[in-house]
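Novice: sequence first, predicted coordinates after that:
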Amino acid sequence: MGGGAWGTALATVAAKSGHQTLIWAYEPEVAAAINQTHENSVFLKNVALQANIKATNNLADMADMDVILWVTPAQVLRPVAKAFAEFLLKPMPILICAKGIEQSTRMLMTEVMQENLPLAQAGILSGPSFAIDVAKGLPTAITLAMEDAALGLDLAKALSISTFRLYPSTDIIGAQIGGAVKNVLAIATGIADGKGFGDSARAALTTRGFAELTRFGKALGAKPETLFGLSGLGDLTLTCNSILSRNMSLGMALGQGQTLAEIMQTRQSVSEGVHTSTILAKWADELKVDMPICRTVAQIVAGNLDVDTAIENLLNRPLRPQE
């Protein structure tokens with residue numbers, strides 16, 4: 001469900017697993033390109049798609065599937081789920097592959113799904129993975145989290161191939177927290193790179209950012225092993241260290257002096273960390289969780305703090321034992 005780069009890449013995995021695979025794409029030109037040329041020339045160019053991948057613009061077609069990988073952007077999950085609800089007439093496993101927190105309600109993605117699609121058996125697919133790597137068949141390992149452990153294991157077996165390994169978990173909260181918070185922290189490391197601060201600064205930001213992620217996850221009931229696993233530390237490590245990350249590259253542009261409006265005008269894809277940062281800052285304050293890096297990113301993207309002042313504030317925080 002979703003014909004962007006990540007949705008298309010995951011479709012290649014499902015197809016390689018031997019399944020007849022259908023992509024629902026919002027854009028008619030994406031569905032047409034996939035069906036006519038076996039390539040998503042809009043979002044994932046120069047990747048040949050298997051013959052057992054088809055595409056549609058009709059939501060009703062998805063109700064006949066056995067399993068759905070839900071790969072719409074986090075902030076549009078609700079309207080698409082609401083539209084799909086009239087067609088879904090049977091219980092169905094739905095693995096949410098979007099990383100974020102709904103801006104208008106501060107709900108996790110599984111909560112949004114369950115509210116709008118009661119028949120969905122909602123799970124989470126999350127971990128260190130770039131669409132182009134997965135589409136090219138490069139080795140990747142991620143977490144598949146479902147409350148129903150037996151169903152989660154069955155789905156992991158059904159979708160795993162030699163180059164795409166799925167590790168089952170029952171911690172759906174932890175899997176979502178890691179994926180959401182790391183996007184905000186990647187903006188921070190991108191800003192540091194944009195300012196030319198070097199590898200040492202990036203390592204420090206990533207490490208201190210992980211401390212913020214674990215504090216926040218613990219406050220919401222996430223399991224430590226999840227936060228230290230693929231969907232937490234693993235995803236954070238990847239996203240904070242590669243320009244291929246949409247969030248890190250956005251931060252780099254901010255560090256180089258561009259405004260958020262200027263950056264977004266040139267982008268076709270969503271940087272979820274922008275939406276998540278504001279929610280996260282307010283939520284952390286309410287929970288009394290110390291998250292200075294995430295709070296600083298929120299102030300920058302909201303236009304309430306310039307990059308240089310933000311850096312000065314962080315560098316002059318009081319020294320105290322690390323947690």
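Specialist: Nice, thanks for sending it over. These figures come from a predicted structure and were not determined experimentally. Numbers count the residues shown, from 1 in each chain.

Novice: what about the residue positioned nearest the centre of the chain, is that helix, strand or coil?
Specialist: Central residue of the chain (CA atoms, centre = their mean): residue 99, 2.8 Å from the mean position. Following DSSP: H, G, I helix; E, B strand; the rest coil, residue 99 is assigned to coil.

Novice: that one and residue 247, how far apart?
Specialist: Residue 99 is 10 Å from residue 247, where distance means CB to CB, to the nearest Å. The way it works is simple: take the backbone N, C-alpha and C, and place the C-beta from them, glycine included.

Novice: pretty sure the residue nearest to the centre of the chain sits against residue 272.
Specialist: Yes - assessed by CB atoms under 8 Å, residue 99 is found in contact with residue 272 at 5.9 Å.

Novice: mutual contacts of these two, please.
Specialist: 74, 180, 183 (CB atoms under 8 Å, 6 or more residues apart in numbering).

Novice: among these, who's most crowded?
Specialist: Using other CB atoms under 10 Å as the neighbour test, those are led by residue 183, with 30 neighbours.

Novice: nearest residue to that one other than its sequence neighbours?
Specialist: residue 273 (3.4 Å; CB to CB, 6 or more residues apart in numbering).

Novice: using PDB, write out every CA atom in the longest helix anywhere in the chain.
Specialist: If you go by DSSP state H, the chain has its longest helix at helix 172-194. Only the C-alpha atoms of helix 172-194 are listed here, as PDB (Å, rounded to 0.1, in the frame of the first residue of the first chain):
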ATOM      1  CA  ILE A 172       5.300  -2.900  18.800                       C
ATOM      2  CA  ILE A 173       5.900   0.200  20.900                       C
ATOM      3  CA  GLY A 174       9.700  -0.100  20.900                       C
ATOM      4  CA  ALA A 175       9.800  -0.800  17.200                       C
ATOM      5  CA  GLN A 176       7.800   2.400  16.500                       C
ATOM      6  CA  ILE A 177       9.700   4.600  18.900                       C
ATOM      7  CA  GLY A 178      13.100   3.800  17.400                       C
ATOM      8  CA  GLY A 179      11.900   4.400  13.800                       C
ATOM      9  CA  ALA A 180      10.300   7.700  14.700                       C
ATOM     10  CA  VAL A 181      12.900   9.300  17.000                       C
ATOM     11  CA  LYS A 182      15.900   8.400  14.800                       C
ATOM     12  CA  ASN A 183      14.500  10.600  12.000                       C
ATOM     13  CA  VAL A 184      14.700  13.700  14.300                       C
ATOM     14  CA  LEU A 185      18.200  12.800  15.400                       C
ATOM     15  CA  ALA A 186      19.300  12.300  11.800                       C
ATOM     16  CA  ILE A 187      18.400  15.900  11.100                       C
ATOM     17  CA  ALA A 188      20.700  16.900  14.000                       C
ATOM     18  CA  THR A 189      23.600  14.900  12.700                       C
ATOM     19  CA  GLY A 190      23.000  16.300   9.200                       C
ATOM     20  CA  ILE A 191      23.100  19.900  10.600                       C
ATOM     21  CA  ALA A 192      26.500  19.100  12.200                       C
ATOM     22  CA  ASP A 193      27.800  17.700   8.900                       C
ATOM     23  CA  GLY A 194      26.400  20.700   7.000                       C
END
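
Novice: sorry, back to before: list the contacts for the residue nearest to residue 183?
Specialist: Contacts of residue 273 (CB under 8 Å, 6+ apart): 183, 184, 185, 186, 187, 247, 250, 297.

Novice: next: residue 253.
Specialist: 190, 194, 262, 263.

Novice: tell me the two of those residues that are most distant?
Specialist: 190 and 262 (15.0 Å; CB to CB).

Novice: please say which of these two ends up with more neighbours.
Specialist: Comparing residue 190 with residue 262 by other CB under 10 Å, the one with more neighbours is residue 190, at 30 against 11.
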